[in-house]
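Novice: the following block contains a protein sequence and its predicted model.
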Amino acid sequence: MSVRDVASPPESGWKEPYGDDFYTEAEGAVDTLGHLGPLAALAGSWEGLKGFDQHPQFDGLESDVFVEPYELPPID
């Protein structure tokens, strides 16, 4: 098998998987969450309430507690 055999598409019935015009945005889906599969449970807004940071300071260690928001909006 040569490099040309691997790099070139088969002559019969080959079609570009993204279509001829890949610059135009595809139509949106009505059921976006349904198309996310196993990732659908992650879509939404999340907030971590147990953030803890300990860092060096001039006179010793300093500790800070923080809240970290995270958003995963479902998109088409």
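Specialist: Perfect, I can see it now.
Novice: and residue 66, helix, strand or coil?
Specialist: What DSSP: H, G, I helix; E, B strand; the rest coil gives for residue 66 is strand.
Novice: for it, give the beta-bridge partners.
Specialist: Judged by DSSP bridges, the bridge partners of residue 66 are residue 51.
Novice: pLDDT score for it?
Specialist: In this prediction, residue 66 carries a pLDDT score of 89.
Novice: mind listing what it touches?
Specialist: Counting by C-beta atoms under 8 Å, 6 or more residues apart in numbering, residue 66 touches 51, 52, 53. Bear in mind the C-beta positions are built from the backbone N, C-alpha and C, glycine included.
Novice: helices of this protein, start to end?
Specialist: 3-7 (DSSP state H).
Novice: mind putting the contacts of residue 66 into CSV with distance to residue 44 and neighbour count?
Specialist: Listed next are the contacts of residue 66 as CSV, based on distance: C-beta to C-beta, whole Å; neighbours: other C-beta atoms under 10 Å:
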residue, distance to residue 44, neighbour count
51, 19, 11
52, 24, 8
53, 25, 9
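Novice: between those, which sits nearest residue 67?
Specialist: Nearest to residue 67 among the contacts of residue 66 is residue 51, at 6.2 Å by C-beta to C-beta.
Novice: looking at the contacts of residue 66, which is nearest residue 75?
Specialist: Closest to residue 75 out of the contacts of residue 66 is residue 51 (26.7 Å), distances taken as C-beta to C-beta.
Novice: I'd assumed residue 54 was in contact with residue 62.
Specialist: Yes. Residue 62 is within contact range of residue 54, at 7.3 Å (criterion: C-beta atoms under 8 Å).
Novice: so where's the protein uncertain?
Specialist: Along the chain, the model assigns pLDDT under 70 to residues 1-19, 22, 26, 28-29, 76.
Novice: sweet, I'm off.
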